[in-house]
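Chemist: mind looking at a prediction? Sequence and model below.
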Amino acid sequence: MQKQHNIFSDTSGYAVVEATILFPIIMLIFAGLVFLSVYLPTRAVLQQNTQYAATALATEQSDTWLDFDTKEMKYDWISTPNNVYSAFLAGLFTNDLNSDATTIVTKQEGKSLTSHSGNLKVECEVMNFVVYKEIRVTATRTIPVPVDLSFVKFPREIPITVSSAAVVLNGDEFVRNMDLAAELVKKYMPERLQFEFDKLGGFLDKVYKFFGV
């Protein structure tokens, strides 16, 4: 009877039981802290860079006489001011904003002190309203999880998505109407006509470069 009493009063295995229960919880907390240390700086950098890209692209289309050079990453003065006809043609033959936005965000990320892992995807959308025009840049970086938690069905990669917007400033109502007309023509024109407009746009670009316009 005394031996049985000693078995029930023995507490030498309590530490093993407590460690078995608490160890997975501690590991999850540690993994969460590690992920936050990667997530928060990446999100902050993406937010800053998308806002920079949206502002640059919106300023380029505003009536500020400024053009943003994606190679030098700086603003340049436009030597010849835009008029209503050039605004209409520019609306038809605008460059790929997605490419410019991707270049700006990528180069801005290269200037930051933090390292970046995972894949980056940048999209630029033009929201053309009756009253104003908005440039919206959305960036998504897919970050691999530093700790493999697939055994608890935790994803191996987590996407971080941020979005920034800037309004195009254009005080000329007639130029604004030309911009809207150009967008309607692009949206509803047949594909064949769109192809001819694209060829015409390429020809005009060569003419502009030849005359230094």
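Modeler: Received it, and whenever you're ready, just let me know what you need.

Chemist: what's downstream of the lowest-mean-pLDDT helix or strand in the chain, the next helix or strand?
Modeler: Each helix and strand of the chain was given a mean pLDDT (mean pLDDT, DSSP states H and E); the minimum falls on helix 2-9 at a mean of 55. Using DSSP states H and E, the helix or strand that follows helix 2-9 towards the C-terminus is helix 14-61.

Chemist: what helices or strands is that next one leaning on?
Modeler: strand 66-69, helix 97-111, strand 119-128, strand 133-144, strand 157-168 (3 or more CB pairs under 8 Å, 6 or more residues apart in numbering; DSSP states H and E). For every residue, glycine as well, the C-beta is placed using N, CA and C.

Chemist: can I get these in CSV including mean pLDDT?
Modeler: Formatted as CSV, the helices and strands packed on helix 14-61 follow (pLDDT from 0 to 100):
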stretch, mean pLDDT
strand 66-69, 86
helix 97-111, 90
strand 119-128, 89
strand 133-144, 90
strand 157-168, 90
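
Chemist: most packed of those?
Modeler: strand 133-144 (a mean of 20; mean count of other CB atoms under 10 Å).

Chemist: what lines up beside that one in the sheet?
Modeler: Within its sheet, and counting by DSSP bridges, strand 133-144 is paired with strand 119-128 (antiparallel), strand 157-168 (antiparallel).

Chemist: got the ones you listed as a markdown table, with distance to Tyr52 columns?
Modeler: Supplementary listing: the strands paired with strand 133-144 in a markdown table, determined by distance: least, CB to CB, whole Å:
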| stretch | distance to Tyr52 |
| --- | --- |
| strand 119-128 | 12 |
| strand 157-168 | 8 |
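
Chemist: quick one: which of these is nearest Val17?
Modeler: The minimum distance between Val17 and the strands paired with strand 133-144 falls on strand 157-168, with 33.4 Å, by CB to CB.

Chemist: what sits up against that closest one?
Modeler: 35, 39, 42-43, 46-47, 50-51, 53-55, 57-59, 61-62, 118, 127, 132-145 (CB atoms under 8 Å, 6 or more residues apart in numbering).

Chemist: got the angle between that strand and helix 14-61?
Modeler: 30 degrees (axes from the mean of the first three to the mean of the last three CA atoms, to 10 degrees).

Chemist: how far off helix 97-111 does strand 157-168 point, in degrees?
Modeler: With the same axes, to 10 degrees defining the directions, strand 157-168 sits at 110 degrees from helix 97-111.

Chemist: what pairs with Glu125 across the strands?
Modeler: Going by DSSP bridges, Glu125 forms beta bridges with Arg136.

Chemist: just checking, it touches Leu57?
Modeler: No: between Glu125 and Leu57 there is no contact under CB atoms under 8 Å: 10.8 Å.

Chemist: hey, what's in contact with both of the two?
Modeler: With CB under 8 Å, 6+ apart, Glu125 and Leu57 have common neighbours 135, 137.

Chemist: wait, Cys124 sits on Asp100?
Modeler: Yes: with contact defined as CB under 8 Å, Cys124 reaches Asp100; the gap is 7.3 Å.

Chemist: so what sits against both of these two?
Modeler: 53, 57.

Chemist: remind me which residues of the chain are low pLDDT?
Modeler: 1-14, 79-95, 130-131, 146-147, 149, 152, 170-180, 184, 186, 188-213 (pLDDT under 70).
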